[in-house]
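> Here is a sequence with its predicted model. Questions after.
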Amino acid sequence: KNADLVIMNPPFTREERMPQTYKNSLMKRFRDYSDYLRRDLSFYSYFILLADKFLKKGGKIAFVMPATFLRVSANEGIRRFLLENYVIEHIVTTTERAAFSEQAQFREILLIARKDKGDGKEVTKFSILKKLPSTLKMGKDFARSIKKGEDMDNISTFTVTREELEKHISNWFEFIASDPLITNTWIKIRKKCEKSCNTFNKYLTNVNGQFKLGFQLSLGKDDMTELILMARDRAIKTKDVWILDKITRKKVYFHHKFLKVNLTCPTSCTKPTLRRAAKVNSMDITDKLDCVIVKKWKGYNKFKEYNTKSSNFSRAQTEVIDRLGNLAIVYRMDISASGTCALAFYSEELFTPVKICWICKIDQDHAKILTLWFNSTINIIQSLIRRVETRGAFLQLQKYALMNFLVLDPNLLSDREKTFLIDLFETIKDAPLPSIIDQLKNRSEFRLKMDKTLLEILGFDEKEIAEFVNIIYPAVINQIEQLKTLMAG
């Protein structure tokens, strides 16, 4: 324990790839830190504990880590360890490219901390590099600016108190997720949410709502792909072979896309589903759902002749029927894509999406209000800040992240506010939606109505709402486009 400084760039090996015996060995070796350990702890986090063993009091540690270190629940214990035993002086990231390291595929951070418990009044300096230094002189200039916490042309800096880090221990990523303008806007929104919002988890608990991920199409040799009857306008892939023609109370009519084969099956043998969210261009999808066959019927053998996959109807029934709901929230999406038109969908008829969406079963009026909320620019900002980064402008909403999302809680609204929102939903539910990026660029009428109404309910005045549209819309557009470039690899 004599080192003054430890600098490292540990391997980013996924913990899932480590043999269980090796994990057990690590847990045993670092048992002195047991209060901070979890069996699914990221491999690179053990290097922080190893460095701590070598570092003397007052010494410094500097390490490059995946940005996910700041938010993944498995690493929360290590974040707490740093907060309780170190003064975190700097967290540095860049928006020019994903990583500091050559050929790294995921976003990285540089964290610098001093081994000292401090007095609790310290602040952490966050620095976002808009451009990486290309010369030694630039590097020195950048270092001076970062050390002082001063902005310069290519660096944005801000400070976060120790109290704020403690308050948001589950997710420090939100401090670097977006442009500081967007982050500050979200902080303002969050304060306004106190009277009318809850975490999604608390809302679902209070209303005893059902919440699950959509069903898995393929599971080993069992493949339900060919049990999907696709709506004609969304059957865009080669494997979308069965096209839905018409649904009546008793029968479903469909045909094979490549063969001159027309078939029917009893409506009772199917359930409504949503095969993919891309190109679904309205918030209400009651009349736009696909179908999934969940049990055999008298003419099934004729249908089977044209299929190449084996299907387990027992799984189809249990997984599909067990997940029926009325509000779908997209699980993973490319928010910059031309086919991404909405982040949430409502259906008057209960349905089960495939594993592209989360599905909720709640009160119908609540589902309409939350569909507005999840499609609002307020929630786009929240999604950008609390996202799990993948590649490109893909945003992934893991359950642990989504459960901490703030949502407008219908139970906290007045009858007048609820009626106003439901009437708004009925007015715009079938509006044809362009891509989200075009909605923002062109300030679509339906988006303006939705955002202005929600902001007003949260307590924003006319001036603040105008600033949101005129300043934050362009900032969100820029963030999405920058994210696409940053994470494109």
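In hand now; what should we look at?
> Low-confidence ranges, the stretch 351-489 of the chain, go.
388-393, 486-489 (pLDDT under 70).
> which residues sit in contact with residue 285?
Residues near residue 285 by C-beta atoms under 8 Å, 6 or more residues apart in numbering: 274, 345, 346, 347, 351. C-beta: built from backbone N, CA, C; applies to glycine.
> Show me what the helix or strand encompassing the third one packs onto, helices and strands only.
This points to residue 346. Assigned by DSSP states H and E, residue 346 belongs to strand 344-353. Counting contacts by 3 or more C-beta pairs under 8 Å, 6 or more residues apart in numbering; DSSP states H and E, strand 344-353 packs against strand 270-274, helix 313-321, strand 325-330, strand 357-361, helix 364-375.
> tell me the angle of the longest one relative to strand 357-361?
Inter-element angle recorded for helix 364-375 and strand 357-361: 150 degrees (by axes from the mean of the first three to the mean of the last three C-alpha atoms, to 10 degrees).
> contacting residues around helix 364-375?
Contacts to helix 364-375, defined as C-beta under 8 Å, 6+ apart, come from residues 207, 283-284, 326-327, 329, 342-346, 348, 360, 362, 379, 407-408, 410, 413, 418, 421-422, 424-426, 429, 450, 453-454.
> of all the helices and strands packed on strand 344-353, which lies closest to residue 46?
Minimum separation from residue 46 across the helices and strands packed on strand 344-353 (C-beta to C-beta) falls at strand 357-361, 32.4 Å.
> Quick check: buried residues in stretch 134-146?
Within stretch 134-146, the residues scored as buried using 16 or more other C-beta atoms under 10 Å are 142, 145, 146.
> cool, and stretch 33-40?
Applying a neighbour-count criterion of 16+ other C-beta under 10 Å, one finds 33, 36, 37 buried in stretch 33-40.
> related to what we said a few turns ago, just the buried residues of stretch 134-146 now: which is nearest residue 123?
Relative to residue 123, the closest of the buried residues of stretch 134-146 is residue 146; by C-beta to C-beta it sits at 13.8 Å.
> For residue 141, see how far away residue 147 is.
Using C-beta to C-beta, to the nearest Å, residue 147 is found at 11 Å from residue 141.
> looking at this structure, which residue lies furthest from center?
Ranked by distance from the centre of the chain (C-alpha atoms, centre = their mean), the top residue is residue 298, with 43.0 Å.
> Where does that one sit, in terms of helix or strand?
Using DSSP H and E, no helix or strand contains residue 298.
> Ok, residue 264 next?
Using DSSP H and E, residue 264 falls in strand 262-266.
> Check which residues of that strand are buried.
Per 16+ other C-beta under 10 Å, strand 262-266 contains these buried residues: 263, 264, 265.
> try stretch 318-326
Within stretch 318-326, the residues scored as buried using 16+ other C-beta under 10 Å are 319, 320, 323, 324, 325, 326.
> From residue 199, how far off is residue 205?
Taken as C-beta to C-beta, the span from residue 205 to residue 199 is 9 Å.
> just for the chain, where's the confidence low?
Checking the chain against pLDDT under 70 turns up 1, 14-16, 96-106, 219-223, 310-312, 388-393, 486-489.
> helices or strands next to the lengthiest strand in it in the packing?
Counting residues, the longest strand in the chain under DSSP state E turns out to be strand 55-66. If contacts are counted by 3+ C-beta pairs under 8 Å, 6+ apart, strand 55-66 sits against strand 3-8, helix 43-54, strand 108-114.
> Against which helices or strands is the second one packed?
This points to helix 43-54. Using 3+ C-beta pairs under 8 Å, 6+ apart: helix 43-54 touches strand 3-8, strand 55-66, helix 76-85.
> about what we covered before: may I see the ChimeraX selection of the buried members of the contacts of helix 364-375?
Buried subset of the contacts of helix 364-375, written as a ChimeraX selection, criterion 16+ other C-beta under 10 Å:
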select :207,283,284,326,327,329,342,343,344,345,346,360,362,379,407,408,410,413,418,421,422,424,425,429,450,453,454
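> Out of the helices and strands packed on strand 55-66, which gets nearest to residue 384?
Nearest of the helices and strands packed on strand 55-66 (C-beta to C-beta): strand 108-114, 17.1 Å.
> re earlier: from the contacts of residue 285, which two are the most distant?
Greatest spatial distance among the contacts of residue 285 (C-beta to C-beta): 274 and 346, at 11.5 Å.
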